[in-house]
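In: here is the input, now give the coordinates:
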Amino acid sequence: MAELKTNAMRMLDAHKIPYQIHTYTPGPDIDGVSVAQQLGQNVEQVYKTLVTRGKHSYFVFVIPVAYELDLKKAAKAVGEKSVAMIPVKEINGVTGYIRGGCSPIGMKKAYVTVIDAHAQSLPTIIVSGGRIGCQIEIQPSLLCQQVHAQYADLLMDEAENASKPK
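Out: This next block holds a predicted model:
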């Protein structure tokens, strides 16, 4: 059976950007770390897509799944006083994707996107393919180019991150 292409994959194909598809079995309690384990990939290589709202706009942040977004660093990266996570019920309306399947590629609109700076040191990262159970492995520089992203330090400090529930 042929793999059903997601909007994210169609966009990458249209721009001739190479990527690799990874699939996993979704479950009710699956999180990004579990996805990395199911894929047999290093957890530091698997990234999640988070959508926030600033004063007048939405912003997209792409960070490693085992870490938490530092909202102060995120706001600074996009030139806002503050940003806040959008409620889960708004994800589909804002992005066109659902929670757990939100890809930084192919959203309804092009939002300012920031990828955590750690991605620059990796040959590839894995992000949502635009559907639950589907991930895309791509070179960080090509992802950055495709979504017109910038890099910034976005993660909570280690001590803060360790104290946060996953």
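
In: now do the same for the residue most central in space within the chain: helix, strand or coil?
Out: Against the mean C-alpha coordinate of the chain, by Cα atoms, centre = their mean, the closest residue is T49 at 2.4 Å. Following DSSP: H, G, I helix; E, B strand; the rest coil, the label given to T49 is strand.

In: how near is it to M85?
Out: T49 sits at a distance of 12 Å from M85 (criterion: Cβ to Cβ, to the nearest Å). Every residue, glycine included, has its C-beta placed from N, CA and C.

In: ok, G106 - contacts?
Out: 6-8, 10-11, 96, 130 (Cβ atoms under 8 Å, 6 or more residues apart in numbering).

In: show the buried residues in those residues.
Out: 6-8, 11, 130 (16 or more other Cβ atoms under 10 Å).

In: dump those residues to a markdown table, plus secondary structure.
Out: Putting these into a markdown table (three-state DSSP) gives the following:
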| residue | secondary structure |
| --- | --- |
| T6 | coil |
| N7 | helix |
| A8 | helix |
| M11 | helix |
| G130 | strand |
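
In: below-threshold pLDDT in this structure: ranges please.
Out: 1-3, 158-166 (pLDDT under 70).

In: how about the helices of it, start to end?
Out: In the chain, the helices defined using DSSP state H lie at 7-14, 32-39, 71-77, 91-95, 140-147, 158-163.

In: and R53, which of these is closest to it?
Out: helix 91-95 (8.4 Å; Cβ to Cβ).

In: so what does that closest one touch, helix or strand wise?
Out: strand 47-53 (3 or more Cβ pairs under 8 Å, 6 or more residues apart in numbering; DSSP states H and E).

In: neighbouring strands - and their directions - for the strand it packs on?
Out: strand 58-64 (antiparallel), strand 84-85 (antiparallel) (DSSP bridges).

In: other residues contacting stretch 48-56?
Out: 32, 58-65, 69, 71, 74-75, 78, 80-86, 91, 94-95, 102-104, 111, 127-128.
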